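In: With the input below, show me the fold.
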Amino acid sequence: MYSKLRALMTALTLFVLSVMPASAANTVDDVINKVRAPAYDCPDSALFDELETTLSDESITAEQRFSLLSAKGQFLICRGDYESALTMLKSLIAQEDVDDTSYAYVSAINQIGFIYDAQESPERCQYYRQARSLSSPERHSDIFTFASLSIITYCSESSTTGERLGKMFTVLEQNAASGNPGVLAHIHNAIGLLYGSLGQHALAAEQYIKAHEMGLKVYEGSNKLSILISAIVSLISSGQTEEAYRRIMEYGALNREINTPLTNYHYHYALSYYYRKTRDFDQLAATLPDFKTAISAVSSSFGLLMYNWHETEVCLYHHDLTCVQNYIDSFNKGDNYIPPRFRTNLDYLSFNLAMYLALGDIEKARIANEVFAAEAENKRIQQQNSANILSAANLYNRIYDLEGEIIEAKQERKQILAIVTGIFLITAALAAYVLRKKFLASKAIDPVTQLLNADTAISRINRLNAPGKNRAIAIAIFDISNLREIIRLLGSTKADSVLRKLAQTLQLTTRGNDILGRFGTEQFIMCLHNIEERSARSYFERVQTALDNTLDSGTKTGNVAVESSMSVFVSHEKITDLSDILDEMVMSIDMENR
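Out: Just a heads-up that it's a prediction; the model follows:
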C-alpha cells in the first residue's frame, strides 16, 4: 500500500515539475503580447513596470528577452528617449543566432529607422527598406505599411512627387476596407508629411486633422497628441491662426491628462510659435519661461535654438540691441550667423535681416537680404512646381502599386476607377465624422474663451477620485466684479477680447492636469486635484494676482484694472455634493461683492 502511495506521489511531483516551466513561459508570453503595440502606435505606459519586472526574471528564454527588449524600445521612443532606445536596439540586433523573421526583430529594425527619421538622418532609409523586405501585407502587416509609407515619403528620390503621392493614395485605398482607424490615421499622417515637404501647408493641415480625429478612436497616451502638433504647425504656417489657436487649446486640454515631458514641450513650443507668428510679443515673453523649462526636461537642441530665436525676437521688439548682439555673437561667424536648421526658413531669414538693420550693419544686412530673396524665389518655384503636380488628373494618372508593377491598361483603368470611388467614399465619411466631432467639441468648449464650459468642467470635477493621504481637492471660483465697467470703458466691441485675455492669463498660470473652465458670464472655475491644502490656497492667491494684473497696460482709456473676488473650497475626500458646494461658493462671492 505504502509503495503504491509513494509511486503516486512521485508521479504527481514529476507532473507538477513538468507543468511549471510551461506555465511560466505562458505568463511571459502573455506579457509580451500585452506590451507589444502596432508600429504606428504607442504602448500603454502603465505596462512599463510590468515589462521591467518580467525582464528581471533570469528564467526567461533568450527569445523572450529579445521580444521584451524590442517592445521596450517602443516605450522609450514614445517617451522621447531616442538615444537610450537607439543604443539598446542596435545592441539587440547585433546579437548572434537571432531569428530575423520574428516580429520582434523586424520591429527593432523599423524602430531604428524611425529614430534616424526623427533625427532627419539618411540612415533611416537603410533600416526602413530592411524592415519592409522582412515583412509583407500578410506578415507583420503594420510594420510593412509603416515602412512602405516612410520609404515613399523619404527614400524615393528617383520618383516624382506625383508618383509618390499616387502610391500613398493606393495604400490608402488598399487599407480603407479594413476600417482600422489606427492604420488610416497613420496613412493620412504620411500624406500630410508629403504635402508639407512641398510647402502645401493648408493641404498638409487637412490631412493631419483627419489623421488626428481618426487616431483619437484608438490611440492612447502621448500618441493622442503626436499628430495634433503637426496639424497646429501646418495651420500656423498656412495662416489659419484662429483654427491653430483652437487646436492648441485642444492640445492643452488633452495634455492635462497625459502630461509627459515630451507633450509639455510640444504644447509650449506651439504656444510660442503661435505668439511669434501673430506678433504678440508680450504673450510670447510670458510663455518663454515655461517653454525653457519644458526644453530642459527633454534636452532638445532644436527646442533650445527655437527658444533663443524667440527670446531675441522679443529683444528686437523692445529694441534691446545688446541682447540682439549677444545672440549674433553666439553663432559661428563663418555661417553668416544662421543656424543650419534655419537656413531655408523664411521667417528666420527675415528676422536675420531685421537684426542687422536694427544694429546698423548695412553690409551684413545686404548679405542677409540677398539670402532671403534667393530662398524666397526658390520656394516660389518649388510651390509652382508642386501646384502643377498636385492636380487631380495628374494624381489619378500616376497611381502605381507598392511594388511599382506595371499592370495592363484595362486593369489600370479599373483600378483608377476603384480608387477614385474609394477616395470619394472615404472623404465623405471623414467629412461626416469631422463635422460630428466639431459639434461635440463645440458643446464642451466655451466659444468665447476657448475654455471648458461650465457643464463640462463640473462633470470632470465630479469624476475626480478621492485625493491621497494629506492631500486635497481644491476648487476656486473667480468672479470679475467690475467686468461691466471694463467693457464700458473699452467699448462693447471689446467684450470678447477682454474675456479671451482673462482666459489666457488663467491658462498661463495653470498646470497640465488642472481643470479650468468658464463658470458664468463673469466667473471662472479652477480645480486642483491631489494637492496640499496650503499649497492650493497660496496657488489660488497667485492666480488671482495674475488675473487682477491682466489689463495693467496696453489700454488707451486710462487706468483700467481688473477687480476680482475669489471663493475657495477644499475637500480631503471625494466630492459628492458638488452642486450645493458651488451654490454656496457663488453666494459667498455675492455677499462679498455687496
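
In: For the stretch 51-200 of the chain, give me the ranges with low pLDDT.
Out: Counting by pLDDT under 70, the stretch 51-200 of the chain has low-confidence residues at 157-159, 161-162, 177-178.

In: Show me the helices in it, by range?
Out: For the stretch 51-200 of the chain, the helices defined by DSSP state H, counting those that start in this stretch cover 62-79, 82-93, 103-118, 123-133, 141-154, 161-176, 181-197.

In: What of the stretch 251-400 of the chain?
Out: For the stretch 251-400 of the chain, the helices defined by DSSP H, counting those that start in this stretch cover 261-277, 281-298, 301-317, 321-329, 346-359, 362-389, 392-397.

In: swap in the stretch 451-594 of the chain?
Out: Along the stretch 451-594 of the chain, the segments classed as helices by DSSP H, counting those that start in this stretch run 454-462, 483-490, 495-509, 533-548, 578-593.

In: Report the inter-axis angle for the first one versus helix 578-593.
Out: With axes from the mean of the first three to the mean of the last three C-alpha atoms, to 10 degrees as the basis, helix 454-462 and helix 578-593 are set at 120 degrees to each other.

In: for helix 454-462, packing partners?
Out: Applying 3 or more C-beta pairs under 8 Å, 6 or more residues apart in numbering; DSSP states H and E, one finds that helix 454-462 contacts strand 515-520, strand 523-531, helix 578-593. The way it works is simple: take the backbone N, C-alpha and C, and place the C-beta from them, glycine included.

In: In that helix, which residues are buried?
Out: Within helix 454-462, the residues scored as buried using 16 or more other C-beta atoms under 10 Å are 454, 456-458, 460-461.

In: Rebuild those residues as JSON lines, extending it with distance to Ala474 and pLDDT.
Out: Shown next, in JSON lines, are those (distance: C-beta to C-beta, whole Å; pLDDT from 0 to 100):
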{"residue": "Ala454", "distance to Ala474": "18", "pLDDT": "91"}
{"residue": "Thr456", "distance to Ala474": "19", "pLDDT": "91"}
{"residue": "Ala457", "distance to Ala474": "14", "pLDDT": "92"}
{"residue": "Ile458", "distance to Ala474": "15", "pLDDT": "93"}
{"residue": "Arg460", "distance to Ala474": "14", "pLDDT": "92"}
{"residue": "Ile461", "distance to Ala474": "11", "pLDDT": "93"}
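
In: that older thread, quick one, which of the helices of the stretch 251-400 of the chain is packed in tightest?
Out: Neighbour counts (mean count of other C-beta atoms under 10 Å) averaged over each of the helices of the stretch 251-400 of the chain peak at helix 261-277, with a mean of 23.

In: Give me the contact list for it.
Out: Residues outside helix 261-277 that contact it (C-beta atoms under 8 Å, 6 or more residues apart in numbering) are 79-80, 222, 225, 229, 232-233, 236, 241, 244-245, 248, 251-252, 255, 281, 283-284, 287-288, 290-291, 294-295, 297-298, 300, 303, 306-307, 310, 313, 347, 512.

In: Could I get the pLDDT score of the closest residue to Gly303 other than its chain neighbours?
Out: Among residues not flanking Gly303 along the chain, Ile295 sits closest, at 4.0 Å (C-beta to C-beta, 6 or more residues apart in numbering). For Ile295, the pLDDT comes out at 92.

In: likewise the one 10 residues further on?
Out: Predicted confidence (pLDDT) for Leu305: 91.

In: contacting residues for it?
Out: 339, 341-342.

In: Return the members of these classed as buried.
Out: The neighbour count (16+ other C-beta under 10 Å) marks 339, 342 as buried among those.

In: For the contacts of Leu305, give me TSV that also has distance to Gln325.
Out: Conversion of those to TSV gives the following (distance: C-beta to C-beta, whole Å):
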residue	distance to Gln325
Pro339	17
Arg341	22
Phe342	18
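
In: Name the nearest of the contacts of Leu305 relative to Ala37.
Out: Arg341 (30.4 Å; C-beta to C-beta).

In: any idea how far Ile227 is from Val218?
Out: Per C-beta to C-beta, to the nearest Å, Val218 is found 12 Å from Ile227.

In: so what sits against both of those two?
Out: Common neighbours of Val218 and Ile227 (criterion: C-beta under 8 Å, 6+ apart): Ala185.

In: For those two, indicate the residue with more neighbours.
Out: Ile227 (25 against 17; other C-beta atoms under 10 Å).

In: Which secondary structure element is home to the more buried one?
Out: Assigned by DSSP states H and E, Ile227 belongs to helix 223-237.

In: I'd like the mean pLDDT over that helix, please.
Out: Across helix 223-237, pLDDT averages out at 89.

In: Repeat that for stretch 500-510.
Out: For stretch 500-510, mean pLDDT is 88.

In: List the buried residues of that stretch.
Out: Those would be 501-507, 509-510, for stretch 500-510 by 16+ other C-beta under 10 Å.

In: Next, the buried residues of stretch 62-77.
Out: Those would be 64-77, for stretch 62-77 by 16+ other C-beta under 10 Å.

In: Oh, that last question was meant for stretch 94-112, not what I typed.
Out: Neighbour counts over stretch 94-112 (16+ other C-beta under 10 Å) mark 98, 102-112 as buried.

In: And those residues, which is closest to Val586?
Out: For the buried residues of stretch 94-112, the nearest to Val586 is Gln111 (53.2 Å; C-beta to C-beta).

In: Now Met566: closest residue in space that isn't a chain neighbour?
Out: Nearest residue to Met566, sequence neighbours excluded (C-beta to C-beta, 6+ apart): Gln544, at 5.1 Å.

In: Hmm, Phe478 and the one you found touching each other?
Out: Yes: counting by C-beta atoms under 8 Å, Phe478 is a contact partner of Gln544 at 6.4 Å.

In: the more surrounded of these two?
Out: Using other C-beta under 10 Å, the more surrounded residue of Gln544 and Phe478 is Phe478, with 24 against 18.

In: Leu502 contacts Val562, doesn't it?
Out: Yes: in this structure, Leu502 is within contact of Val562 by C-beta under 8 Å, at 7.2 Å.

In: Mutual contacts of the two, please.
Out: By C-beta under 8 Å, 6+ apart, Leu502 and Val562 have these common neighbours: 480, 547, 550.

In: Next, the buried residues of stretch 247-259.
Out: Those would be 247-256, 258, for stretch 247-259 by 16+ other C-beta under 10 Å.
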